[in-house]
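Visitor: Build me a model:
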Amino acid sequence: MNPPEDRGPATLLADLVNQVTELFRKEIQLLRAEMNEKKNQLTAALGLIVVGAVLGLTALNVLAGALVRAIERTGIDAGWAALIVGVVLLIVGVILARKGMDNLKANQLTPERTTRAASRDAALVKEKM
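Guide: Numbering: from 1, shown residues only. All right, here's what the predicted structure looks like:
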């Protein structure tokens, strides 16, 4: 490469355009890689949620039946025992579902490294111009 003083404005501008274009390409590659990584994290999280939900529902059915039976043996009517168990399980289920939804919020899935790199690159380009 020639020293900057030997190059004219057109050459310098062409170099700047080439560098910015290459920078843009690399940012797009980083964005794609990071989004793929986030997609994989999302897929794994959803898979765990589904498997956990299926196993949890099966276990809860068995445990709820046993708990209703245990409460019934204390002298409470079977209908009331079932209602008590159902309400407690509903409360626990709502709490767990909210926690899962919080883990999947959009800000958890944003490409943070790409955003930071793009901001730095934009500042660098402004500085060069």
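Visitor: Which elements pack onto the worst-scoring helix or strand of the chain on mean pLDDT?
Guide: One helix or strand of the chain scores below all others by mean pLDDT, DSSP states H and E: helix 112-128, with a mean of 76. Contact analysis of helix 112-128 by 3 or more CB pairs under 8 Å, 6 or more residues apart in numbering; DSSP states H and E lists helix 9-73 as its packing neighbours. Just so you know, the C-beta spots here come from the backbone N, C-alpha and C atoms, and that holds for glycine as well.
Visitor: quick revisit: in the least confident helix or strand of the chain, which residues are buried?
Guide: By 16 or more other CB atoms under 10 Å, the buried positions in helix 112-128 come out as 114, 117, 118.
Visitor: If we only consider those residues, which is nearest to residue 102?
Guide: residue 114 (23.4 Å; CB to CB).
Visitor: Just the CA atoms of the least confident helix or strand of the chain, as CSV, please.
Guide: The C-alpha trace of helix 112-128 is given here as CSV (Å, rounded to 0.1, in the frame of the first residue of the first chain):
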residue,chain,number,x,y,z
GLU,A,112,-25.5,-7.9,22.1
ARG,A,113,-22.0,-8.4,20.7
THR,A,114,-23.1,-7.3,17.2
THR,A,115,-24.8,-4.2,18.6
ARG,A,116,-21.7,-3.2,20.5
ALA,A,117,-19.4,-3.9,17.6
ALA,A,118,-21.6,-2.0,15.1
SER,A,119,-21.7,1.0,17.5
ARG,A,120,-17.9,1.0,17.8
ASP,A,121,-17.5,0.6,14.0
ALA,A,122,-19.9,3.5,13.3
ALA,A,123,-18.0,5.7,15.7
LEU,A,124,-14.7,4.7,13.9
VAL,A,125,-16.2,5.5,10.5
LYS,A,126,-17.4,8.9,11.7
GLU,A,127,-13.9,9.6,13.1
LYS,A,128,-12.2,8.7,9.8
